[in-house]
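> Build me a model:
(2 chains)
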Amino acid sequence: MKNIIARYRYSLLLLKQLVKTDFKLRYQGSTLGYLWSLLRPLALFAILYLVFAKVFRIGDAVPHFPVYLLTGIVIWNYFTEVTTGSVGAIVGKGDLLRKINFPKYVIILAGSFSALINLILNSIIIAIFIVINDVDIRITVVLLPLLIIELFAFSLAIAFFLSAAFVRFRDINYIWEVIMQAAFYATPILYPLALVFSQSALAAKIIMLNPIAQIIQDVRYVLITPETQTISDVFGFAWARLIPIGIVLLLILISAWYFKSRSKYFAEEV
Amino acid sequence: MSGRESAIIVSKVYKDFKLPHQRSNSIKSVFTGMFDFKKDRSVEIQHALKDINFDIKKGEFFGIVGRNGSGKSTLLKILAGIYQPTRGEVSVGGKLVPFIELGVGFNAELTGRENVYLNGAMLGFSEANINDIYDEIVEFAELERFMDQKLKNYSSGMQVRLAFSMAIRAEADILLVDEVLAVGDASFQRKCFEYFKELKQKKKTVVFVTHDMNSVREYCDRAILINKSKIVAQGSADEIASKYTRMFFDEGYEATDAKEYSRWGDGTVKYTDLSVSVSEEKINLKLTAKAYDAMESPNFGFTIKNSAGQGILGTNTNIKKQRLDQLTKGQEVQLHWTFPNILGDGEYYIEPAIVWQDGRVADWWERAKSIKIQKEEHTPHAASPSIELTLKQVK
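Next comes the predicted model:
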């Protein structure tokens, strides 16, 4: 028992220092520094908004489309940051792994928490957008933390799997890059899901099997407008909500098991 | 855990490394090899450790000695939990420092102060813990004025000082000490050795990996000797230190052909044979030279150099005033040099040469042979002649 406490105390100490270090070093040397973590999603937002809302008029039917779009971008950014950052995370710490024995999952967890800090900073911009766009805040907003937890857990599960797999299969980073590019368009970030649903209900269902799509839609639902289609609307029954939860739980179990069983050999394989 | 007495028990530990013969680097091989799971990738198994058994008692200063590549560092990594044994078991009773090197996790982009907190976390210190001992750490490292500078602006000596100052604060029952600790300048080494003495006084369990037999004799209670992945001897520090010495003595006392020799000259007269015999007291060099053309009074000589390339001793026929006037084509010359073996422990190279009287080189044979010296009377000095002693107690 004492050992367990000591072990988690050690992990916690390390986690704190690794997140701090990452925070300090991330924008070191750049003039605008941390502003970049706000400017990057804003820039992407500006481009997409110009092209899809102004030129193609894709969001006309959606109330508060700018907030709607920005929310999608910020959540997607978080997911990208955690997963893409995780691919090389273990290999990048190879030097450390060969010199000291410490719980390896801390490295991945630290990446997740760094991204979470970014997500919180980005939320400030969303809040500003909400005020500017005069969005009515409803009581459903209290459900937001649950969705953030789901997002955190899902991204972490993918991160564990990718980082451990990359130690042995060095093609993973390219594969993941391609997957993420495809997934960006297969997720209702810049188009409203209703647009897909009106064409093909099946396509909408497939899209919503992706937990990120479900999370984005739910966040929009609880935060911006109840007109957002959620997974229950797409499938037509309330229990559909359990599908992504099941997927996330299953992924956590699989990747935690995979990471744990591989992590013993990281030091000699990286 | 069997037996309260043992700090570490290693039983039947084996460690194999798989060395893949080919790494797919080209884009083409990535595509052709990616889905080709059946392909028998030739993997070479390297047995780094075989059947390692020993136990370390609590409070013992335990040495692991062996040459480079013998497997001792792999063993240390297994003890630290960094590597997993392929077979066998290691059980550890007590808190073990998890690191085997100084300054783990140091980041060049952070300041000295930030690195203390980061490295501190690696060693298991919370920020509050570090706050308490921060001043001591800085003072011991003698870096008061530099703590707010980035680590990349530190000299390597400063970095080592900071790292060492941190490492000695690690609280653990069992310490793993690699010989890398004892690097740095003389005053720093003194600090290291004071620290070792302190550990010994405090009756800490220390695992010490080295190939310096002087420190084995000085600090260790017991030791094991590892050679070619196996434990070849286990016993008291003195026993192991002399076994290790003997190991070199047996295979290293005769001269071997040096691997990286280089040879130049106009080749008028050249050495055709060189044999060396070394004993505790004497060194004999026998050389045969052959004239491929006529040469006027050649000067034959040799130098013995240490592994750093410094000349230790040597002479030539000019100095000895024993000249041959004229060599005609096809003639052979034999030379036999004998001198007392005053060399200290280490590796030396024999460098014979033949030069013309005006200095032109006929044959210069750099690193022709190497000899390893390991004296029975072991001194740490460069020269180690047999020294006579008369010792009397006078009143």
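
> can you give me the helices in the chain?
Using chain A here. A:2-26, A:35-48, A:65-87, A:89-92, A:94-97, A:105-132, A:144-168, A:172-185, A:193-199, A:201-208, A:211-223, A:231-235, A:242-263, A:266-269 (DSSP state H).

> look at chain B instead
B:27-34, B:72-80, B:112-122, B:127-141, B:156-167, B:186-201, B:213-219, B:237-252.

> would you list those in a markdown table and tack on distance to A:F65, mean pLDDT and mean neighbour count?
Glycine gets a C-beta too; all of them are placed from N, C-alpha and C. Formatted as a markdown table, these follow (distance: least, Cβ to Cβ, whole Å; pLDDT from 0 to 100; neighbours: other Cβ atoms under 10 Å in any protein chain shown):
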| stretch | distance to A:F65 | mean pLDDT | mean neighbour count |
| --- | --- | --- | --- |
| helix B:27-34 | 42 | 58 | 12 |
| helix B:72-80 | 57 | 90 | 23 |
| helix B:112-122 | 44 | 93 | 23 |
| helix B:127-141 | 45 | 92 | 15 |
| helix B:156-167 | 55 | 86 | 20 |
| helix B:186-201 | 66 | 78 | 14 |
| helix B:213-219 | 73 | 82 | 19 |
| helix B:237-252 | 78 | 75 | 17 |
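
> coming back round to it: can I get the helices of chain A in CSV with mean pLDDT, distance to B:D16 and mean neighbour count?
Below are those laid out as CSV (pLDDT from 0 to 100; distance: least, Cβ to Cβ, whole Å; neighbours: other Cβ atoms under 10 Å in any protein chain shown):
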stretch, mean pLDDT, distance to B:D16, mean neighbour count
helix A:2-26, 88, 28, 15
helix A:35-48, 91, 46, 15
helix A:65-87, 95, 28, 23
helix A:89-92, 94, 22, 20
helix A:94-97, 90, 19, 17
helix A:105-132, 95, 26, 18
helix A:144-168, 96, 17, 20
helix A:172-185, 96, 26, 13
helix A:193-199, 91, 53, 16
helix A:201-208, 94, 46, 17
helix A:211-223, 96, 41, 24
helix A:231-235, 92, 50, 20
helix A:242-263, 96, 18, 16
helix A:266-269, 90, 10, 18
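
> wait, which of the ones you listed is closest to chain B?
Chain B lies closest to helix A:2-26 among the helices of chain A, at 3.9 Å (Cβ to the nearest Cβ).

> what's in contact with that closest one?
Defining contact as Cβ atoms under 8 Å, 6 or more residues apart in numbering or on different chains, one finds that helix A:2-26 is touched by A:34, A:37, A:102-103, A:105-107, A:109-111, A:113-114, A:117, B:107, B:109-110, B:114, B:117-118, B:120-122, B:124-127.

> now swap in stretch B:282-294 and tell me
B:267-278, B:298, B:300, B:302, B:326-341, B:343, B:350, B:352, B:354, B:363, B:371.

> tell me which residues of it are tucked away?
Residues B:283, B:285, B:287, B:289-292 are the ones in stretch B:282-294 that count as buried (16 or more other Cβ atoms under 10 Å in any protein chain shown).

> Which one of those is nearest to chain A?
B:I283 (43.0 Å).

> Taking the centroid of chain B, which residue is nearest it?
When Cα atoms, centre = their mean is applied to chain B, the residue found nearest the centroid is B:H211 (5.7 Å).

> so that residue makes contact with B:R67?
Yes - counting by Cβ atoms under 8 Å, B:H211 does reach B:R67; the two are 6.3 Å apart.

> overlap in contacts of the two?
In contact with both B:H211 and B:R67: no residue, using Cβ under 8 Å, 6+ apart.

> So which bits of the stretch 151-270 of chain A are right by chain B?
Listed as neighbours of chain B in the stretch 151-270 of chain A under the rule Cβ under 8 Å from any Cβ of the partner chain: A:171, A:264-265, A:267-268.

> Greatest separation within those residues: which pair is it?
Greatest spacing in those, by Cβ to Cβ: A:D171 and A:K264 (22.9 Å).

> can you redo the buried residues of stretch B:282-294 as CSV with pLDDT?
Below are these laid out as CSV (pLDDT from 0 to 100):
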residue, pLDDT
B:I283, 91
B:L285, 92
B:L287, 93
B:A289, 92
B:K290, 91
B:A291, 91
B:Y292, 89
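
> Serialize those residues to TSV and add fields for distance to B:N153.
Output for the buried residues of stretch B:282-294, formatted as TSV (distance: Cβ to Cβ, whole Å):
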residue	distance to B:N153
B:I283	50
B:L285	52
B:L287	55
B:A289	57
B:K290	60
B:A291	62
B:Y292	60
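
> Just the ones in strands from these, please.
Using DSSP state E, the subset of these located in strands is B:283, B:285, B:287, B:289-291.

> Might you report the residue contacts of the residue nearest to A:K205 when sequence neighbours are not counted?
Distances taken as Cβ to Cβ, 6 or more residues apart in numbering or on different chains place A:V234 nearest to A:K205, at 5.7 Å, with adjacent residues excluded. The contact partners of A:V234, taken as Cβ under 8 Å, 6+ apart, are A:193, A:197, A:201, A:204-205, A:208, A:240.

> again, only this time at 10 Å
A:193-194, A:196-197, A:201, A:203-209, A:213-214, A:217, A:240 (Cβ atoms under 10 Å, 6 or more residues apart in numbering or on different chains).

> Can you name the residue of the stretch 101-250 of chain A nearest to chain B?
Closest point on the stretch 101-250 of chain A to chain B, by Cβ to the nearest Cβ, is A:N101, at 3.8 Å.

> Next one: the nearest residue to that residue once chain neighbours are set aside relative to B:H47, how far apart?
The shortest distance from A:N101 to any non-neighbouring residue, by Cβ to Cβ, 6+ apart, is to B:G81 (3.8 Å). As judged by Cβ to Cβ, to the nearest Å, B:G81 and B:H47 stand 21 Å apart.

> And B:E109, by the same measure?
Applying Cβ to Cβ to B:E109 and B:H47 gives a distance of 40 Å.

> And for A:P41?
Separation of A:P41 from B:H47 (Cβ to Cβ): 53 Å.

> what do you get for A:S112?
Counting by Cβ to Cβ - A:S112 and B:H47 are separated by 39 Å.

> Least confident secondary structure element in chain B?
strand B:256-257 (a mean of 56; mean pLDDT, DSSP states H and E).

> So B:V207 versus A:L42, what's the distance?
Computed as Cβ to Cβ, the B:V207 to A:L42 distance reads 55 Å.

> closest to chain A out of the helices of chain B?
helix B:112-122 (3.9 Å).

> That closest one versus helix B:127-141: what angle between them?
120 degrees (axes from the mean of the first three to the mean of the last three Cα atoms, to 10 degrees).
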